[in-house]
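1. show me how the following folds:
(one chain, ligands or ions: 1)
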Amino acid sequence: MQKYILIIGACGQIGTELTLTLREQYGNDKVIASDIREGSESLMQSGPFEILDATDYDALEEVIAYYEISEVYLMAAMLSATAEKFPMRAWNLNMNSLFNVLNLAKEKKIDKIFWPSSIAVFGPNTPENQTPQSTIMEPTTVYGISKQSGERWCSYYHHKFGVDVRSLRYPGLISWKTMPGGGTTDYAVEIYHKALAESAYTCFLKEDTSLPMMFMDDAIRATLELMQADGRKIKIRSSYNLAAMSFTPSEIAKSIQEYIPNFEMSYNPDFRQAIADTWPSSIDDSQARKDWGWEPAFDLKKTTREMLDNLDKS
Ligand code: AKB
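-> Numbering: from 1, shown residues only. Modelled structure (predicted):
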């Protein structure tokens, strides 16, 4: 049987690269991109695109029936910093979109779901270093509360109704093709743009705030490896810890100075510092490594080289 895939939130930071990679792997016409707004030219022109509000169950059901979709990647979400400003909007988007796809799978209208969770599920009482897969969570942000609740619902739908839902707790993601929007880890992308344009950046986090991060190529590969793994290997149906590297703003600044020696970093922490202070510094992802063979390829040095090279060319 032919497999048709739907990406919801295809125009965002992860959705864009995920769509392009899936189109390379499965064929352009097999991967339907959708979002509430239009996206980049490469995304819009490389295959089918639908304007779709992920909170509208009927519209979603119609697109799924029309394209005979079997697999859904639900990438639409309001991230941590924006969610603090619009708590109810964030809760409605993050939860209702998830319930819509979980219910479609429960009703056997789709076979498989990918839903991203985040390091934001952890909170101030979580062990900060090498945070284990199973531990105290107690998130204190709107986004973190929605992601933790989402994880519980994914696990419930899997165990109660047999829904094949798979999930990763993404760290901060660093990419050059599409900007992130509304996250606490966004500084780690903005810094490369400013370094090239102005040789200077004012960071909204303190210099010694260590957070887990990952280059986008690793995140996309992890997502596809998880989705393509034999279901019997997937032991965690809430969400897997996933890691590649951890660094502070002052460490990323130093890695940029290797290429741009006159790059100047200054610090002006804002409300996002309080969010970052509740998140882990580093993540133990040994369960993902053991269950489905996860291994990251990009460290900070390699990430900085890729970011500066590609942004310089574009
Ligand atoms: C954010 O900063 O909100 C996101 C995340 C870590 O989930 N990048």
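2. now do the contacts for the closest residue to Ser286 other than its chain neighbours.
-> Beyond its immediate neighbours in the sequence, the residue positioned closest to Ser286 (Cβ to Cβ, 6 or more residues apart in numbering) is Gln133, lying 7.6 Å away. (Each C-beta comes from the backbone N, C-alpha and C, glycine too.) Contacts were defined as Cβ atoms under 8 Å, 6 or more residues apart in numbering; by that measure Gln133 touches Ile236, Tyr240, Asn241, Asp284, Asp285, Ser286, Gln287.
3. on the three-state scheme, Val165 is what?
-> Here Val165 is recorded as strand under DSSP: H, G, I helix; E, B strand; the rest coil.
4. do you know the pLDDT at it?
-> We have a pLDDT of 98 for Val165.
5. against Pro261, how distant is the residue nearest to Ser286?
-> According to Cβ to Cβ, to the nearest Å, Gln133 stands 41 Å off from Pro261.
6. can you verify my assumption that Ile275 contacts Thr141?
-> Yes: if you go by Cβ atoms under 8 Å, Ile275 and Thr141 touch, sitting 5.5 Å apart.
7. now do the shared contacts for the two.
-> Common neighbours of Ile275 and Thr141 (Cβ under 8 Å, 6+ apart) are Ser80, Glu84, Ala120.
8. next one: phi and psi at the last one?
-> The one in question is Ala120. phi -70, psi -10 (degrees, to the nearest 10).
9. neighbours of it, just the number please.
-> 30 (other Cβ atoms under 10 Å).
10. list the contacts for it?
-> Contacts of Ala120 by Cβ under 8 Å, 6+ apart are Ser80, Pro139, Thr141, Tyr143, Gly144, Lys147, Ile275, Trp279.
11. hmm, try it at 10 Å
-> Contact analysis of Ala120 by Cβ atoms under 10 Å, 6 or more residues apart in numbering lists 79-80, 83, 137, 139-148, 169-171, 183-185, 275, 278-280.
12. Asp208: how many residues sit nearby?
-> With other Cβ under 10 Å as criterion, Asp208 counts 10.
13. once you drop chain neighbours, what's closest to it?
-> Leaving aside its chain neighbours, Asp208 sits nearest to Thr248 (5.2 Å; criterion: Cβ to Cβ, 6+ apart).
14. distance check, that neighbour against the ligand.
-> Distance of Thr248 to the ligand, given as Cβ to the nearest ligand atom, to the nearest Å: 15 Å.
15. what's the answer for Thr55, then?
-> In this view, Thr55 and the ligand are 19 Å apart by Cβ to the nearest ligand atom.
16. list the contacts for that residue?
-> By Cβ under 10 Å, 6+ apart, the contact list for Thr55 reads Ile36, Ala76, Asn92, Leu93, Asn94, Met95, Asn96, Ser97, Leu98, Phe99, Asn100.
17. does it belong to a helix or a strand, and which?
-> Using DSSP states H and E, Thr55 sits within no helix or strand.
18. what residues does the stretch 1-150 of the chain put near the ligand?
-> Contact residues (Cβ under 6 Å from any ligand atom) of the stretch 1-150 of the chain with the ligand: Leu79, Ser80, Ser118, Ile119, Ala120, Tyr143.
19. would a markdown table of those with secondary structure be doable?
-> Putting those into a markdown table (three-state DSSP) gives the following:
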| residue | secondary structure |
| --- | --- |
| Leu79 | coil |
| Ser80 | helix |
| Ser118 | strand |
| Ile119 | helix |
| Ala120 | helix |
| Tyr143 | helix |
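20. Tyr240 is in contact with Ile234, isn't it?
-> Yes: between Tyr240 and Ile234 there is a contact at 8.5 Å, judged by Cβ atoms under 10 Å.
21. now stretch 138-154: buried residues?
-> By neighbour count with 16 or more other Cβ atoms under 10 Å, stretch 138-154 contains the buried residues 139-151, 153-154.
22. off-centre distance for that stretch?
-> Taking Cα atoms, centre = their mean, to the nearest Å, the mean C-alpha location of stretch 138-154 is offset from the chain mean by 14 Å.
23. with stretch 215-228 instead?
-> With Cα atoms, centre = their mean, you get 10 Å for stretch 215-228.
24. that stretch near the ligand at all?
-> No: Stretch 215-228 lies out of reach of the ligand by Cβ under 6 Å from any ligand atom, never closer than 10.5 Å.
25. show me the strands in the stretch 51-200 of the chain, by range?
-> Ranges of strands within the stretch 51-200 of the chain are 71-74, 112-114, 117-118, 164-166, 168-170, 172-174, 200-203, based on DSSP state E, counting those that start in this stretch.
26. hmm, what's the outermost residue in the protein?
-> Ranked by distance from the centre of the chain (Cα atoms, centre = their mean), the top residue is Asn262, with 32.1 Å.
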